[in-house]
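[1] any chance you could fold what I've pasted below:
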Amino acid sequence: MATLNALDPTPEQVKEFLGHKKANEPVFMLNLLKFKERAEYNDGEDISGREAYGRYAKAFGEMVRNSGVNTETVFGGNANSWLIGEGSGEWDAVALVKYPDAATMFKVVSSEGYRKIHKHRRAGLAGQLLISCDGEGVF
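    A predicted model of the protein is given here:
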């Protein structure tokens, strides 16, 4: 099974995300994050990728709270060890964030405020998987 660790969605992925049959329902975004060893800022600032991403996460939380958009970080933590499957070291952290719906989530990450803080995400992340999930019970 091949995965692609990327930083940005393709136009096809955006179209599928916004057009999904459950796009008008709450969206749970599963984030699998891989940090760069050292962040890559244009000014050469020397900090870890994890620290740069932490700046992004803090600014993102503040931006969302100030915007009045109802989001919730359901979970965030380090990826420690693999119990089933293979891929140890492939991901550094995991987060699950709930948004009201796909259009709201996309509006948040397309805003002018987001563009101002995105530099920290780009500086710190080697890549990620961002998987849209619904809240429908599976079991």
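[2] contact partners of stretch 16-24?
    9, 101-103, 106, 132, 134, 136 (C-beta atoms under 8 Å, 6 or more residues apart in numbering). C-beta: built from backbone N, CA, C; applies to glycine.
[3] just give me the closest of the residues you listed to Glu86.
    Glu86 lies nearest to Ser132 out of the contacts of stretch 16-24, by C-beta to C-beta, at 24.4 Å.
[4] which element is that closest one on?
    strand 125-133 (DSSP states H and E).
[5] related to what we said a few turns ago, which ones among the contacts of stretch 16-24 lie within helices?
    Among the contacts of stretch 16-24, DSSP state H puts 102-103, 106 in helices.
[6] okay if I get those as a markdown table plus distance to Leu18, pLDDT and neighbour count?
    Below are the ones in helices among the contacts of stretch 16-24 laid out as a markdown table (distance: C-beta to C-beta, whole Å; pLDDT from 0 to 100; neighbours: other C-beta atoms under 10 Å):
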| residue | distance to Leu18 | pLDDT | neighbour count |
| --- | --- | --- | --- |
| Ala102 | 5 | 97 | 22 |
| Ala103 | 6 | 96 | 14 |
| Phe106 | 6 | 94 | 17 |
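[7] let's have those in a markdown table, adding distance to Val64.
    Below are these laid out as a markdown table (distance: C-beta to C-beta, whole Å):
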| residue | distance to Val64 |
| --- | --- |
| Ala102 | 16 |
| Ala103 | 15 |
| Phe106 | 13 |
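[8] just list what the helix ranked longest in the chain packs against, helices and strands only.
    For the chain, the helix reaching the highest residue count under DSSP H is reported as helix 49-67. In terms of contacts (3 or more C-beta pairs under 8 Å, 6 or more residues apart in numbering; DSSP states H and E), helix 49-67 is packed against strand 27-35, helix 102-108, helix 112-124, strand 125-133.
[9] any figure for the gap between the residue in the chain sticking out farthest from the centre and Pro26?
    Distance from the centre of the chain peaks at Phe139, with 25.9 Å (C-alpha atoms, centre = their mean). Taking C-beta to C-beta, to the nearest Å as the measure, Phe139 falls 18 Å from Pro26.
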